[in-house]
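Participant: With the sequence up front, the predicted model follows.
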Amino acid sequence: MEKILQVKDLELSFNTYGGEVKAIRGVNFDLYKGETLAIVGESGSGKSVTTKSIMRLLPEESAEFKNGEILFDGRDLTKLSDKEMQKIRGKDISMIFQDPMTSLNPTMPIGRQITEPILKHQKISKDEAKKVAIDLLRLVGMPKPELRMKQYPHQFSGGQRQRIVIAIALACNPQILIADEPTTALDVTIQAQILELMKDLQKKIDTSIIFITHDLGVVANVADRVAVMYGGKIVEIGTVDEIFYNPQHPYTWGLLSSMPSMDAEDAKLYAIPGTPPDLLDPPKGDAFALRSEYALKIDMEQQPPFFKISDTHMAATWLLHPEAPTVEPPEMVIERMKKFPGSRYYEGSAN
Amino acid sequence: MARYIGKRLIYMFITLALIATFTFFLMKILPGSPIASADKLSPEQRAVVEARYGLDQPLPVQYFDYMFGLLQGDLGISINQFKGADVTDVILSRMGPSAQIGFQGMLLGTVLGILFGMVAALRQNTWVDYGSTIVAIIGISIPSFVFASMLQYWLGLKWDLFPVALWKDGFMSSVLPSIALAMFPLATAARFIRTEMIEVLGSDYITLAKAKGASGSEIAFKHAFRNALIPLITVLGPMAVSILTGSLVVEQIFAIPGIGEQFVKSIMVSDFSIIMGTTIFFSVFLIVIILVVDILYGVIDPRIRLSGGKN
Amino acid sequence: MTQNYEKLPHDAFTRIPRDTQEAEKISKPSVSFWQDAWRSLKKNKGAIISLILFGLIVLMSFIGPLISPYEPNDQIITHANLPPKVPVIENLGIMDGVGTLGGREVDMYELKNVEQNYWFGTDGLGRDMFSRVWKGTQVSLFIAFVAAAIDMLIGVIYGGISGYFGGRVDDVMQRIVEILTGIPNLVVVILFILIMDPGILAIIIALTITGWTGMSRVVRGQVLKYKNQEFVLAARTLGASDTRIIWKHLMPNVLGVIIINTMFTIPGAIFFEAFLSFIGLGLQAPDASLGTLINDGYKLIQYQPHILLFPAVVLSLIMIAFNLIGDGLRDALDPKMKD
């Protein structure tokens, strides 16, 4: 498959009054054409910062690239000038934000907000742009789009506004669409509609999507591949099946165990103890070790490298080292692993 | 919206009626006779004078006469300063200079203030920002009469750029007082626009505009400016108050024949009917401005426009 | 992946038990709201300099009249209208006792045969401006602080009751405030001064008669905002009394805006006092406040600018300092609050 975006050894810090916050500490991943990559992790894990740094939307006074590159179309996005970046934003890479209630300009009719990127990036007349905008609104399922072009954001519901934001993002047929928790601020029923819409649209326009979320239920629904982030690093990355049914990192185990499950009889919800690491002064070894019941002595000393499990699956945990003791994952995870061919607990076809 | 305006109008009338009543009775309980020369008059002469101004009537009659007159725009008759002249006429005759310096001051202040605030927000934490912040702090802090005295001393007396005082040289006479009055609106607008712009620039829809590929100037002017400017309407009220308060002293300092200067003079010679009339005139002016500002805000901001008034 | 982890010591892979205590430990030291506010205030140079400046002005307002050899109201007619003269600084060409007389620059002290130095000069009645300015500062600050304290007291109680009890009580109380705020402050203040004997008391009453409405509005808004939040509901569910909820749960949250608002009422009161004195409605001679001193000085601006200069500078410094302290506190206590 064709790689459309490569993030290599990305390190980024925020310079704050308190000191240097190492928000991203060496992130590597590739995005393939037409796939949906989900990035999951708790607040502060660096998932939003990673994608905002791809778009270069972080405040330039405080955010600083320390190392690494972001390759898109043969160019390193971390080194482009503002002008060059403006030509990419909204045209090749576009973004959907978390809160549709605040991400539209309250004093501009939505029609103008949709035609803005079209007029900016394509050489077409205002009238044509308007037609494109109406088509886009129809595409995202807005009834009577002609009548609604002149209306202001406050005249739309939250779900409708998110549809408008999606229409803006799709206006120039981007190659990459970054969705930063696009359903978190919405009601559950609306969430499902928006997810359906996004899946539907991806089929129609063949764009690659980076989907950021902390909701594993959403991940299972939309993603082809999943990257799990913790403490400014990716700790495990693999296909959606590999992550859900053959997870290797204790943090991924914790995440899966804390997800409510339909078929678990004694539905006891698990909570990962402790708090995320302080990125002003990140731990020397494995950032998750302090919260993990599977911690090894070496976790306190050295950061684990990535161990390959399959061609598509990697995890950064010392537990995968040949000399490491074999540990028993939580029961809920074992139950899942039983269904995955190739895992140590595989029991044959689950059906 | 109509209901909202109606409600506001009713409040306005209640407030004005209260102010008028309050002012009227205050003037009645003030020590001394409203007639300045009362002590020198014989009882007969005094009765004649009192009868001329309706002061011999029982208090309730005087009160209703006065309130009824107000409804017709009659603010009473000056007793001491302009023997027998209509207070309304006195005020109207002095409105020109006051309105001119007030309007010029307001215009100069807001336009420059918006400019300063915009530049400061767009060039945050640079010397432009610090400079404009210092100007704003000084403008808010230094009282208009201190500032006016300084202008008069330096630009008028020392450097002789503008007339020191009096209303004789047309526009040139209005320059220094207008600048003195402009300081507060300038500072208020600059601070307000700066804060507002910074907040708007940090909002999600600006990030979205950036994500669309909009350039720095497109973001500043197409997206941020309008959103930052609309709420400025809410401080137009306080600005108008400052212009009015300032006019009392600024007109005094520059010897401008305006309403403010007249008001201070009336206080000195205790011309009660002019004090009352001017008080009510000022109240009407300020209350109407605040009402207009609120309605205007509802009309201009699309978020409020259709939801029928703000809370 | 370039690390050579083959050479790791053998016991590197022994498991270690999870220290739950350690895991639950909050990695950052906890900082209370007030500590945090103080920290960010300390970073605000303008506010800190203003705080020091204001401290100095207050100090001077008390010791200034004492260190001057002259009483604020002592008149020495032969020493009238002397420009300022300060030893040492006089060598710089300023404050050297030189004034203009008939268009020529002359050392007024020599001319009038004055041995002593008047640091801020003297006024038309030969009174020492140095002690008068600091005495006036004292009076102005006193008026402003008392007025602000009264505004705060009435405003907090009124706004607190209105917001906390809500409903009918709130409706009635708010209608009253709406009408009161409809009356221009300027008008009320002037009318009240007219019916009372001019003086400190009259000015304080005039300033507070409608001044508290601003504070009451802010407090009401905050109480309304917080009283329905979960932590208050939780306290209520646990059976906390009204008094306890108000003092333990609401007050700490409202305190920030009360402080900020007070920091802005004080310069407002100082301004109004000076304003009233300037239009002749303030203190009566021989008492002096910064406003009356400016008024006296203004009359002689053409010939004796120093009489205007010193009180005007002190007044302006106080106003600037207060606005900067207020701004700093606002940023420190409530970064989101704008008005």
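Facilitator: Ah, there it is.
Participant: List the residue ranges of the stretch 151-300 of chain A that fall below the pLDDT cut-off.
Facilitator: Low-confidence regions of the stretch 151-300 of chain A, defined by pLDDT under 70, span residues A:261-269.
Participant: For chain C, give me its nearest residue in it.
Facilitator: residue A:274 (3.5 Å; CB to the nearest CB). No exception for glycine: its C-beta is placed from N, CA and C like everyone else's.
Participant: That residue reaches residue A:292, doesn't it?
Facilitator: No - at 9.1 Å, residue A:274 and residue A:292 do not qualify as touching, with contact defined as CB atoms under 8 Å.
Participant: May I have the strands that pair with whichever strand or helix holds residue A:212, each with its orientation?
Facilitator: For residue A:212, the host element (DSSP states H and E) is strand A:208-213. In the sheet containing strand A:208-213, the strands it pairs with under DSSP bridges are strand A:36-40 (parallel), strand A:176-180 (parallel).
Participant: Of all those, which one comes closest to residue B:241?
Facilitator: Minimum separation from residue B:241 across those (CB to CB) falls at strand A:176-180, 45.1 Å.
Participant: which residues make contact with that closest one from outside it?
Facilitator: Among residues not part of strand A:176-180, those counted as contacts by CB atoms under 8 Å, 6 or more residues apart in numbering or on different chains are A:4-5, A:31, A:48, A:51-52, A:54-55, A:72, A:92-98, A:169-170, A:198, A:207-212.
Participant: Just those: which are in helices?
Facilitator: A:48, A:51-52, A:54-55, A:169-170, A:198 (DSSP state H).
Participant: Quick check: of those, which lies closest to residue C:234?
Facilitator: For the ones in helices among the contacts of strand A:176-180, the nearest to residue C:234 is residue A:48 (31.0 Å; CB to CB).
Participant: Let me see the contact set for residue 149.
Facilitator: Just going to use chain A. Residue A:149 makes contact with A:109-111, A:114, A:130, A:133-134, A:137 under the criterion CB under 8 Å, 6+ apart.
Participant: what separates it from chain C, distance-wise?
Facilitator: Look at residue A:149 and chain C: by CB to the nearest CB, to the nearest Å, they are 33 Å apart.
Participant: can you check residue B:201 too?
Facilitator: Using CB to the nearest CB, one gets 15 Å for the distance from residue B:201 to chain C.
Participant: For the residue lying closest to that residue once chain neighbours are set aside, give me the pLDDT.
Facilitator: If the residues on either side of it in the chain are set aside, residue B:201 comes closest to residue B:224, at 5.6 Å by CB to CB, 6 or more residues apart in numbering or on different chains. We note a pLDDT of 88 for residue B:224 in this prediction.
Participant: quick one on the thing from earlier: so of the contacts of residue A:149, which ones are in helices?
Facilitator: Filtering the contacts of residue A:149 for membership in helices, criterion DSSP H, returns A:110-111, A:114, A:130, A:133-134, A:137.
Participant: what's the closest of those residues to chain B?
Facilitator: When those are compared for distance to chain B, the smallest value, 9.6 Å, is given by residue A:114; criterion: CB to the nearest CB.
Participant: Neighbours of that closest one, how many?
Facilitator: Neighbours of residue A:114 under the rule other CB atoms under 10 Å in any protein chain shown: 27.
Participant: so how many other residues sit close to residue C:32?
Facilitator: Count around residue C:32 with other CB under 10 Å applied: 8.
Participant: Fine by me, we can end here.
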